[in-house]
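Peer 1: Need a 3D model of the following:
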Amino acid sequence: MASFVRPTARYAATALAAGAVFFFFHRYRMSLVVTVAAFVVGIAGLIVPCFFSLLDRWVAALTRAVGGLLTWALLLPFFWLVFVPARLMLLLKGKDPMTRRCPSPEATYWIPRAARKPDHFTRQF
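Peer 2: This is a model prediction of the structure:
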C-alpha cells in the first residue's frame with residue numbers, strides 16, 4: 001500500500017471514532033483528545049513514514065500482549081468455573097455422553113450406521 005494511504009485511512013477512521021464519541025456519548029474532552037491524537041499520528045505518518053511504521057509495530061505488539069493477557073485472564077477461569085464442574089456433575093451422575101469409558105464394554109468404539117443409497121452423497125442438504 002502506498003506510504004500515504006495507511007496514515008490517511010487511520011486518521012479518517014480515528015476522526016470518525018472521535019465524532020461518534022462526541023455525538024453519541026457527549027464527551028467533548030475525550031473526542032478532542034482522540035481528534036488531536038489522530039491528527040498528530042496522521043500528519044506524522046504523512047511527513048515521516050518511518051515514524052508511522054514504528055508506531056504501527058508498537059501498537060501491533062501492544063495488541064498482541066493485551067490479547068494474550070485477556071485470553072488467559074478470561075478463558076482459564078471460564079474453563080475451571082464451567083467445564084470442570086460440569087464434568088464432575090456428569091461423573092457423579094454416572095453419565096458418559098461420549099462413551100469414553102475405559103475399558104469399554106463394547107468390542108470396538110465404532111457406532112453402527114444404517115446403509116445409505118449412493119445418491120444420498122450427491123445431496124448435501
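Peer 1: Which residues does the helix or strand harbouring G19 contact?
Peer 2: Taking DSSP states H and E as the definition, one finds G19 inside helix 5-25. With contact meaning CB atoms under 8 Å, 6 or more residues apart in numbering, helix 5-25 is reached by 27-28, 30-32, 34-35, 37-39, 41-42, 44-46, 49, 52, 56. Every residue, glycine included, has its C-beta placed from N, CA and C.
Peer 1: Tell me which stretches of this structure form helices.
Peer 2: Counting by DSSP state H, the chain forms helices over residues 5-25, 28-47, 49-78, 84-93, given from the N-terminal end onward.
Peer 1: Show me the one of those that comes nearest P118.
Peer 2: Nearest to P118 among the helices of the chain is helix 84-93; the distance by CB to CB comes to 39.1 Å.
Peer 1: then that closest one to CSV, C-alphas only?
Peer 2: Output of helix 84-93 as CSV, limited to C-alpha atoms (Å, rounded to 0.1, in the frame of the first residue of the first chain):
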residue,chain,number,x,y,z
VAL,A,84,-14.7,-28.8,35.3
PRO,A,85,-17.9,-28.6,37.5
ALA,A,86,-19.9,-29.8,34.5
ARG,A,87,-17.6,-32.8,34.1
LEU,A,88,-17.7,-33.5,37.8
MET,A,89,-21.5,-33.5,37.8
LEU,A,90,-21.6,-35.9,34.9
LEU,A,91,-19.2,-38.2,36.8
LEU,A,92,-21.3,-38.1,39.9
LYS,A,93,-24.4,-39.0,37.9
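Peer 1: Nearest to H120, out of the helices of the chain?
Peer 2: Evaluated over the helices of the chain, closeness to H120 peaks at helix 84-93, with 34.0 Å, by CB to CB.
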